[in-house]
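J.: What shape does this take:
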Amino acid sequence: MRIPATDRFAFSLAVVIVASLALPLCAGALPGQVSSEQKIASGIGGFPAVGLDNSDLFGAALAYLGDVNGDGVGDVAVGTPGDDDGGLNRGAVWIVFLNTNGTVARSEEHTSELQSPY
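T.: Below you'll find the predicted structure:
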């Protein structure tokens, strides 16, 4: 897959590709095979259109969390090391709860200024 040079959230493409390898939403896919892809970025794939800035680097880090919310679909943590919401470049982590089709069901931002339930 080619990432356009003009895509400000280019890391987000890699997030979905890697996530699709680990999540149980890839019925019929062989290990290491990508059966589908879904871009997740600001205002795309069910992700909120607000909350990300161009310099946040959404998707620079990714962790598979398993099924955090108990809906039968795996969820991911997505790093944004350039996020300024908790202070200048302190970064944040987004907990992204996915639908079976790879779109975002719900997301939560966690910064040093926001209290986390986890």
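
J.: now for the helix or strand residue 78 falls within, which elements pack on it?
T.: If you go by DSSP states H and E, residue 78 is part of strand 75-80. When contacts are defined as 3 or more C-beta pairs under 8 Å, 6 or more residues apart in numbering; DSSP states H and E, strand 75-80 packs onto helix 11-22, strand 61-66, strand 92-98. Placement of C-beta: from N, CA and C, glycine included.

J.: rank these by pLDDT, which is bottom?
T.: When these are ranked by mean pLDDT, helix 11-22 comes last with a mean of 43.

J.: how many other residues sit next to residue 66?
T.: Counted with other C-beta atoms under 10 Å, residues neighbouring residue 66 total 10.

J.: Can you get me a residue count around the nearest residue to it once chain neighbours are set aside?
T.: Nearest residue to residue 66, sequence neighbours excluded (C-beta to C-beta, 6 or more residues apart in numbering): residue 74, at 6.0 Å. By the criterion of other C-beta under 10 Å, residue 74 has 19 neighbours.
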